[in-house]
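In: Quick one, fold the following:
(one chain, ligands or ions: 1)
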Amino acid sequence: MKKLIIACFLFISLSGFGQKFEGMAPTPPMGWNSWNHFGCNVNEKIIREVADAIAVNGMKEAGYIYINIDDCWHGERDSLGFIQPNPEHFPSGMKVLADYVHSKGLKLGIYSDAGWKTCAGHLGSRGYEYQDALTYASWGIDYLKYDWCNTEGLKAEGAYLTMRDALYKAGRPLVFSLCEWGNDKPWEWGAEVGHLWRTTGDIYPCFDCIIDHGTWKQWGVEQILDQQDGLRKYAGPDHWNDADMMEIGNGMSVNEDRAHFSMWCMLASPLIAGNDIRYMLDETRNILLNKEAIAINQDTIGIQGFRYYSNDDLELWFKPLSGGDWAICFLNRDEEMKTVDFIWTDWYVKDDLNKLVIDLINEEYRIRNIWTHKDAGTTQKPLQIELPGHDVLMLRLTPVKK
Ligand code: GLA
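Out: Residues are numbered from 1 along each chain as shown. Coordinates of the predicted model:
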């Protein structure tokens, strides 16, 4: 009996901290974040209007359920140290806002920083982790993005563990998003800590560019893609590589937006829209709401895709899906149109990591075009197409003998 009591005590005290909330992100999280479009000009009116729009424009049904407020929502700490939202921009307070977002069947996310200050210079959580975690729980927050500015002298893993434990102790299950930019290889330790981790510095709405700010850089879609090499083995259900919030609808061409979205789907990256979804064009909506592409991203087997072949700016990516299906994506990185001549029956592709094979030499597959939403014959017939610059041909293959 005594041993049982000690064992129970040990179990309760050990499980009281030292873990993340399991099962919060069985598939890559989907939602919207304020930063890419609004930066610091975020307020409760925008958040309410975005929630209103997402609830009725098809996005909620498609899976975009997190409405995430990024940097700059902060006011001061009160006399007891509790963080307050900026009273001018969030006059109703976060609890009221969370209740509103919840009433739409959506979830609310917030942002903080492991350092003294956030990247935009607002109050960070350093030294206030447990208090902030309690505050977020009392507001009804469902997702925390935790940034890495102003952290001189801190070790990333330890700092993120502290917040993980604080959140767990606060007791409200939420998604914990590590935004450490890949500096300290979060993929090596992140699965125990949170549900997703940024793999790179910040995205910029261009397909192929690097914006150099001196002490830091922003990256185009192709540049972010290349920084995912070697990382797929770390991703899976409840622990995802995060290629950053999307820039669809923020100034790239339709081809580029389509390619950007397709590659985020192939990577099993979180799908966090970053545009002003209150006023988006139909062409933007059609990309964000492509359910066949989303199904590839959200496939429950949770395997990140891989670049299998690359030649002269033409790449071929594969992603195993559940039930023996495969997603395949031809990506034209060049600005010029390219001819794709592809004899399916020449190919036998192995995903060594997962011991999965697509044997196109011996097995016939039905082809579904993900962007035209049309069936496109089988792999018996060679493929020949003209692929425009900065665009993709994304297909889903299903074994004929299924
Ligand atoms: C960092 C993050 C961005 C954004 C800004 C906010 O740069 O990587 O995603 O959150 O901070 O200041």
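In: contacts, neighbours, all on C-alpha from now
Out: Will do.
In: mind checking the SS state of the residue of the stretch 301-402 of the chain found nearest the ligand?
Out: Residue of the stretch 301-402 of the chain nearest the ligand, by C-alpha to the nearest ligand atom: residue 304 (21.8 Å). Assigned by DSSP: H, G, I helix; E, B strand; the rest coil, the conformation of residue 304 is coil.
In: give the contact list for it.
Out: By C-alpha atoms under 8 Å, 6 or more residues apart in numbering, the contact list for residue 304 reads 232, 233, 235, 236, 266, 267, 268, 269, 319.
In: cool, and residue 290?
Out: Counting by C-alpha under 8 Å, 6+ apart, residue 290 has contacts residue 371.
In: Parallel or antiparallel, which strands does the strand or helix carrying residue 108 pair with?
Out: According to DSSP states H and E, residue 108 maps onto strand 107-113. Using DSSP bridges, the strands paired with strand 107-113 are strand 66-68 (parallel), strand 143-147 (parallel).
In: List of residues touching the helix or strand just after that strand?
Out: Counting by DSSP H and E, the next helix or strand C-terminal to strand 107-113 is helix 129-139. Helix 129-139 is contacted from outside by 81-83, 94-96, 98, 125, 162-163, 166-167, 169-172, using C-alpha under 8 Å, 6+ apart.
In: could you check the angle strand 143-147 makes with helix 129-139?
Out: 150 degrees (axes from the mean of the first three to the mean of the last three C-alpha atoms, to 10 degrees).
In: For helix 129-139, buried residues please.
Out: Within helix 129-139, the residues that count as buried by 16 or more other C-alpha atoms under 10 Å are 129, 130, 131, 132, 133, 134, 135, 136, 137, 139.
In: ok, now how distant is the third one from the ligand?
Out: In this case it means residue 131. Distance of residue 131 to the ligand, given as C-alpha to the nearest ligand atom, to the nearest Å: 21 Å.
In: Ok, the last one next?
Out: Between residue 139 and the ligand the distance is 20 Å, computed by C-alpha to the nearest ligand atom.
In: now do the first one
Out: Shown here: residue 129 relative to the ligand, a distance of 18 Å by C-alpha to the nearest ligand atom.
In: helices or strands up against the lengthiest strand in the chain?
Out: Longest strand of the chain, by residue count under DSSP state E: strand 391-399. Contact partners of strand 391-399 among helices and strands, from 3 or more C-alpha pairs under 8 Å, 6 or more residues apart in numbering; DSSP states H and E: helix 254-266, strand 326-332, strand 365-369.
In: could you pull out the strands for the stretch 1-150 of the chain?
Out: In the stretch 1-150 of the chain, the strands defined using DSSP state E, counting those that start in this stretch lie at 30-33, 66-68, 74-77, 83-85, 107-113, 143-147.
In: Which residues of this protein lie near the ligand?
Out: 70, 71, 119, 120, 202 (C-alpha under 6 Å from any ligand atom).
In: Find the nearest non-adjacent residue to the first one, please.
Out: So that's residue 70. Leaving aside its sequence neighbours, residue 70 sits nearest to residue 111 (C-alpha to C-alpha, 6 or more residues apart in numbering; 5.0 Å).
In: Counting neighbours, what do you get for that neighbour?
Out: By the criterion of other C-alpha atoms under 10 Å, residue 111 has 21 neighbours.
In: Contacts only, for it.
Out: Neighbours of residue 111 in contact, by C-alpha under 8 Å, 6+ apart: 68, 69, 70, 71, 144, 145, 146, 147.
In: what's the distance between the closest residue to the last one other than its chain neighbours and residue 45?
Out: By the measure of C-alpha to C-alpha, 6+ apart, the closest residue to residue 147 outside its immediate chain neighbours is residue 113, 4.2 Å from it. Here residue 113 is placed at a distance of 24 Å from residue 45 (C-alpha to C-alpha, to the nearest Å).
In: Which one's more surrounded, those two?
Out: residue 113 (29 against 13).
In: Just to check, the more buried one is in contact with residue 146?
Out: Yes: in this structure residue 113 lies within contact range of residue 146 using C-alpha atoms under 8 Å: 4.9 Å.
In: from the stretch 1-150 of the chain, which residue is nearest to the ligand?
Out: Of all residues in the stretch 1-150 of the chain, residue 119 sits closest to the ligand, at 4.1 Å by C-alpha to the nearest ligand atom.
In: which residues sit in contact with the residue nearest to that residue when sequence neighbours are not counted?
Out: Spatial nearest neighbour of residue 119, excluding adjacent residues (C-alpha to C-alpha, 6+ apart): residue 149 at 5.1 Å. The neighbourhood of residue 149, defined by C-alpha under 8 Å, 6+ apart, consists of 113, 114, 115, 117, 118, 119.
In: how far away is the residue nearest to the spatial centre of the chain from residue 196?
Out: For the chain, the residue nearest the mean C-alpha position is residue 270 (1.9 Å; C-alpha atoms, centre = their mean). The spacing between residue 270 and residue 196, counted by C-alpha to C-alpha, is 8 Å.
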